[in-house]
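Undergrad: how would this look folded up:
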Amino acid sequence: STTSQNTLAALAEMGQKILIVGCDPKADSTRLILHAKAQDTILSLAAEAGSVEDLEIEDVMKIGFRDIRCVESGGPEPGVGCAGRGVITSINFLEENGAYEGVDYVSYDVLGDVVCGGFAMPIRENKAQEIYIVMSGEMMAMYAANNISKGILKYANSGGVRLGGLVCNERKTDKELELAESLAKKLGTTLIHFVPRDNIRSARRTAPHDGHRIRPGFGPSRPIPLAGHQGPRQQGQG
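TA: Down below sits the predicted model:
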């Protein structure tokens, strides 16, 4: 989510109109953009109001950095209900209430462990055009990236979604860049960015509620430019 939010902040600084739809029960997909600890989620607000039909779009959408629109789908009480169903409910609510009007990019920030079809709704229902997987050289991160790629392949023929590439968020594991490039090759995609790890950025992440974006940069590290990737398509592009 940190990588995603900083990328979207950069797009907003370029004048693009952004909507973030958080599809993770942790509801941390918009925290940095809003400079806040957490955002009220659609599911929690619906529970308070009685049903999702009792909500207005203004109840669930917050405006953050550079007018980025922020929504969190949330999840059910632990041990009760289906978090994936919450994603489906939230996206349907947003569509019915005009949340997608007037935006250049919509970002669905989905948790790495796609555990049910509900979390895959942006892929399955052709809501998204491109998928970018943020991973590292750690085994479980690469395992999750491979599983997500399987899900994309499953729905590739029935919709227009495609894998745009991998972004490696370095964890300082052995041969990390080499492993990330190897995984990208095996998946038939490209490692579009390698984000170096440094202790200053790591220290900022250990204080997650300080209300600051990471994007302006803290410390000397810079992303390693990789083979020519043209960037994401805008809505409506082929």
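Undergrad: tell me which residue lies farthest from the centre of this structure.
TA: Gly50 (28.4 Å; CA atoms, centre = their mean).
Undergrad: show the pLDDT at it.
TA: With respect to pLDDT, Gly50 has a value of 92.
Undergrad: next: the one 5 residues further on.
TA: The score at Leu55 is 96. That number is its pLDDT.
Undergrad: that one: neighbour count?
TA: 17 (other CB atoms under 10 Å). To be clear about C-beta, it is placed using only N, CA and C from the backbone, and glycine gets the same treatment.
Undergrad: for it, give its distance to Asn146.
TA: 37 Å (CB to CB, to the nearest Å).
Undergrad: look up how far Leu183 lies from Asp28.
TA: 25 Å.
Undergrad: same thing with Ser107?
TA: From Ser107 to Leu183 the distance is 23 Å (CB to CB).
Undergrad: just Lys17 next, same as before
TA: From Lys17 to Leu183 the distance is 33 Å (CB to CB).
Undergrad: give me the sheet partners of the longest strand along the chain and which way each runs.
TA: Taking DSSP state E as the criterion, the chain has its longest strand at strand 162-169. If you go by DSSP bridges, strand 162-169 pairs up with strand 130-135 (parallel), strand 191-195 (parallel).
Undergrad: make CSV from those strands and add mean neighbour count and mean pLDDT to it.
TA: Below are those laid out as CSV (neighbours: other CB atoms under 10 Å; pLDDT from 0 to 100):
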stretch, mean neighbour count, mean pLDDT
strand 130-135, 20, 94
strand 191-195, 20, 95
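Undergrad: once you drop chain neighbours, what's closest to Ser29?
TA: Nearest non-adjacent residue to Ser29, counting by CB to CB, 6 or more residues apart in numbering: Gly22, 3.0 Å away.
Undergrad: pretty sure the one you found is in a helix, no?
TA: No - secondary structure of Gly22 (DSSP: H, G, I helix; E, B strand; the rest coil): strand, not part of a helix.
Undergrad: next up, the contacts around it.
TA: Neighbouring residues of Gly22 by CB atoms under 8 Å, 6 or more residues apart in numbering: Ser1, Asp28, Ser29, Thr30, Gln39, Thr41, Cys70, Val71, Glu72, Ser73, Gly74, Asp109.
Undergrad: if I look at it, how far off is Gly79?
TA: Counting by CB to CB, the gap from Gly22 to Gly79 is 21 Å.
Undergrad: same check, this time on Thr41
TA: 17 Å.
Undergrad: more neighbours, Ser107 and Leu183?
TA: Applying other CB under 10 Å to Ser107 and Leu183 shows that Ser107 carries more neighbours, namely 24 against 21.
Undergrad: which one of the contacts of Gly22 is nearest to Glu170?
TA: Checking these against Glu170 by CB to CB gives Ser1 as the nearest, at 16.5 Å.
Undergrad: that closest one touches Asp28, doesn't it?
TA: Yes - contact criterion CB atoms under 8 Å: Ser1 and Asp28 qualify, at 5.2 Å.
Undergrad: average pLDDT across the longest strand of the chain?
TA: 94.
Undergrad: tell me the pLDDT of the nearest residue to Gly102 once chain neighbours are set aside.
TA: With CB to CB, 6+ apart as the criterion, Gly102 has its nearest non-adjacent residue at 6.2 Å, and that residue is Lys17. You'll see Lys17 listed with a pLDDT of 98.
Undergrad: many thanks, we can stop here.
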